[in-house]
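1. Sharing a sequence plus its predicted fold:
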Amino acid sequence: MQNGLVTFLPLILLVVFFYFFIMRPQNKQKKEIQAMRDNMKPGDEILTIGGFYGIIYAIDDENIVLEMLPDFHKAMIVKSAVSKVIKREETEDDTEEETTESVSEPETIEEVQETQDYNDSPVEDAEFEEVTDENVEVGEEVDEDKK
């Protein structure tokens, strides 16, 4: 009986090692990441897994509308693309009341889509100069096929 127990002891120790040093910390990390993503709110600054910094403009169950820094273009991403929420240090400027008129930010994706001004007008090309015989400089060849 003792010979059988001694034979399985290394296998049992290996399973215990994997549980305490691999599986348990991984589950703990998953719970922390899920809690971080559940506690996000509009106005939080985040870092995506792609390396983009942005401010949450609106949030839904699965998606986030993100104002990309530094030019504040908006993009819709999934919550699972958030790497971390960057906590801003409280400064005296943040605690002072703003004298400007506050604008309420939309809370959901649907509100953002309603507030977007979708312009269906065609996109105009940039101005260009047509190449003719008069504006070709000396020394340049003009293909007769393209005329």
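-> Good, I have the coordinates.

2. For this protein, just list every one of the strands.
-> When assigned using DSSP state E, the strands of the chain occupy the ranges 45-48, 53-59, 63-68, 73-78, 82-86.

3. What strands flank the last one, and is each parallel or antiparallel?
-> I take that to be strand 82-86. strand 45-48 (antiparallel) (DSSP bridges).

4. Okay, buried residues for the strand it pairs with please.
-> Ile46, Thr48 (16 or more other CB atoms under 10 Å). Glycine gets a C-beta too; all of them are placed from N, C-alpha and C.

5. how about that strand as CSV, C-alpha atoms only?
-> Provided in CSV are the C-alpha atoms of strand 45-48 (Å, rounded to 0.1, in the frame of the first residue of the first chain):
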residue,chain,number,x,y,z
GLU,A,45,-9.4,57.5,-19.5
ILE,A,46,-8.4,54.0,-20.8
LEU,A,47,-5.7,52.2,-22.7
THR,A,48,-6.7,49.7,-25.3
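
6. burial count for Ile59?
-> The number of residues packed near Ile59 is 21, by other CB atoms under 10 Å.

7. Distance-wise, check it relative to Lys41.
-> Here Ile59 is placed at a distance of 7 Å from Lys41 (CB to CB, to the nearest Å).

8. could I get the strands of the chain as a markdown table with distance to Lys31 and mean pLDDT?
-> Formatted as a markdown table, the strands of the chain follow (distance: least, CB to CB, whole Å; pLDDT from 0 to 100):
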| stretch | distance to Lys31 | mean pLDDT |
| --- | --- | --- |
| strand 45-48 | 19 | 93 |
| strand 53-59 | 20 | 92 |
| strand 63-68 | 20 | 92 |
| strand 73-78 | 19 | 92 |
| strand 82-86 | 15 | 91 |
